[in-house]
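Trainee: Need a 3D model of the following:
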Amino acid sequence: MALPQGDREPASLSAAIVLYRSDPRMLEATIASLGRAARAMRGGAAASLTLVDHSPDAGGERAAQLEREAARWFGEPVRVVPDPSNPGFGAGHNRLLERLGRYHLVLNPDVEIHEEALAEALDFMDAHPECGLVSPSAFGDDGQRQFLCKRYPTVLDLLLRGFAPQFLRRAFAARLDRYEMRDLIGDGVVWDPPIASGCFMLFRGDVFRRLGGFDPRFFLYFEDFDLSLRAGRITRLAYLPSVRIVHHGGHAARKGFRHIGLFARSARAFFSKHGWRWF
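Mentor: Below you'll find the model as predicted:
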């Protein structure tokens with residue numbers, strides 16, 4: 001049973017964003033929105049932010065400038081960890097494993113958080129101790145809903161969604177809709193979606209710690225698929241529509257051949273680890 005608000009210890013929330021040549025304006029919008037959402041948390045909850053910078057010019061004056069600017073946007077001091085060797089998205093987030101709050105937010109630098117999102121999420125998790133990971137309701141720049149939760153993919157699903165021309169996607173629309181859980185995702189809570197997006201994953205800190213964070217063998221892409229499936233074995237995931245974000249990113253296929261190669265390599269690693277499904 002959840003404790004009444006006044007009887008709880010003040011929640012602490014740690015948040016981490018991994019950077020790689022991130023757009024400065026987008027990063028400012030992300031951090032400023034996180035700051036507003038953190039200040040709106042209830043019950044004396046406090047938040048901290050760490051930026052793990054994997055950009056080639058990370059460190060030195062860039063780190064000092066980033067620390068100053070991020071603190072101004074966030075409203076509190078911000079820790080900056082530079083690592084130009086760029087060991088990958090998951091490895092960057094795993095640096096926080098020894099500094100987790102009671103709740104821990106994995107956040108992308110292309111996400112803006114609604115002001116009430118964190119308060120809504122923490123209230124829900126306090127009321128539902130069985131929930132260890134919250135996935136948000138996401139919308140794009142155009143205001144259209146994004147379907148970040150997924151069912152277990154097949155190779156065909158990924159090819160159709162990422163690389164097929166529009167006419168072929170339309171021909172397989174029902175199949176892709178099912179993969180993206182469009183039959184369930186909307187204005188109601190959905191328990192146990194198999195896969196949540198790494199652009200915004202709000203964990204209980206002890207769950208993220210027990211999982212050992214991300215599998216660092218995934219350099220980029222599918223690390224969130226892997227982590228979601230592993231999380232589902234020890235806790236419950238919940239899609240929470242009152243936790244609203246705007247997601248400006250995605251679309252690996254539009255980012256060039258290097259990203260397509262990274263996507264393919266991680267897809268192979270994912271299916272090799274969790275089981276191949278072709279169709």
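
Trainee: Show me where this structure dips below the pLDDT cut-off.
Mentor: 1-11, 250-255 (pLDDT under 70).

Trainee: Determine the longest strand present in it.
Mentor: Longest strand in the chain, counting residues (DSSP state E): strand 236-247.

Trainee: Which elements pack onto that one?
Mentor: Applying 3 or more CB pairs under 8 Å, 6 or more residues apart in numbering; DSSP states H and E, one finds that strand 236-247 makes contact with strand 111-113, helix 117-127, strand 131-139, strand 190-191, strand 200-204. For every residue, glycine as well, the C-beta is placed using N, CA and C.

Trainee: Okay, now the sheet partners of that strand, with direction.
Mentor: Sheet partners assigned to strand 236-247 using DSSP bridges are listed as strand 111-113 (antiparallel), strand 131-139 (parallel), strand 190-191 (antiparallel).

Trainee: Just send these back as JSON lines, with distance to residue 183 too.
Mentor: Output for the strands paired with strand 236-247, formatted as JSON lines (distance: least, CB to CB, whole Å):
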{"stretch": "strand 111-113", "distance to residue 183": "25"}
{"stretch": "strand 131-139", "distance to residue 183": "16"}
{"stretch": "strand 190-191", "distance to residue 183": "10"}
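
Trainee: To residue 211, which of those lies closest?
Mentor: Evaluated with CB to CB, the strands paired with strand 236-247 place strand 131-139 nearest to residue 211, the distance being 9.2 Å.

Trainee: List the buried residues in the helix or strand where residue 64 lies.
Mentor: Element membership for residue 64, per DSSP states H and E: helix 60-74. Across helix 60-74, burial judged by 16 or more other CB atoms under 10 Å covers 63, 66, 70-71, 73-74.

Trainee: cool, stretch 154-168 as well?
Mentor: Within stretch 154-168, the residues scored as buried using 16+ other CB under 10 Å are 154, 156-158, 160-161, 164.

Trainee: Among those, which ones are in helices?
Mentor: Counting by DSSP state H, these place 156-158, 160-161 in helices.

Trainee: Need the residues you listed in JSON lines (columns: distance to residue 235).
Mentor: Shown next, in JSON lines, are those (distance: CB to CB, whole Å):
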{"residue": "156", "distance to residue 235": "30"}
{"residue": "157", "distance to residue 235": "25"}
{"residue": "158", "distance to residue 235": "26"}
{"residue": "160", "distance to residue 235": "31"}
{"residue": "161", "distance to residue 235": "27"}
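
Trainee: which one of these sits closest to residue 116?
Mentor: Closest approach to residue 116 among these (CB to CB): residue 161, at 30.9 Å.

Trainee: Indicate which one of the strands paired with strand 236-247 is closest to residue 214.
Mentor: Using CB to CB, the nearest of these to residue 214 is strand 131-139, at 13.0 Å.

Trainee: which is the next helix or strand following that closest one?
Mentor: Next along from strand 131-139, by DSSP H and E: strand 145-146.

Trainee: Show me what that following strand pairs with in its sheet, parallel or antiparallel.
Mentor: Assessed with DSSP bridges, strand 145-146 is paired to strand 131-139 (antiparallel).
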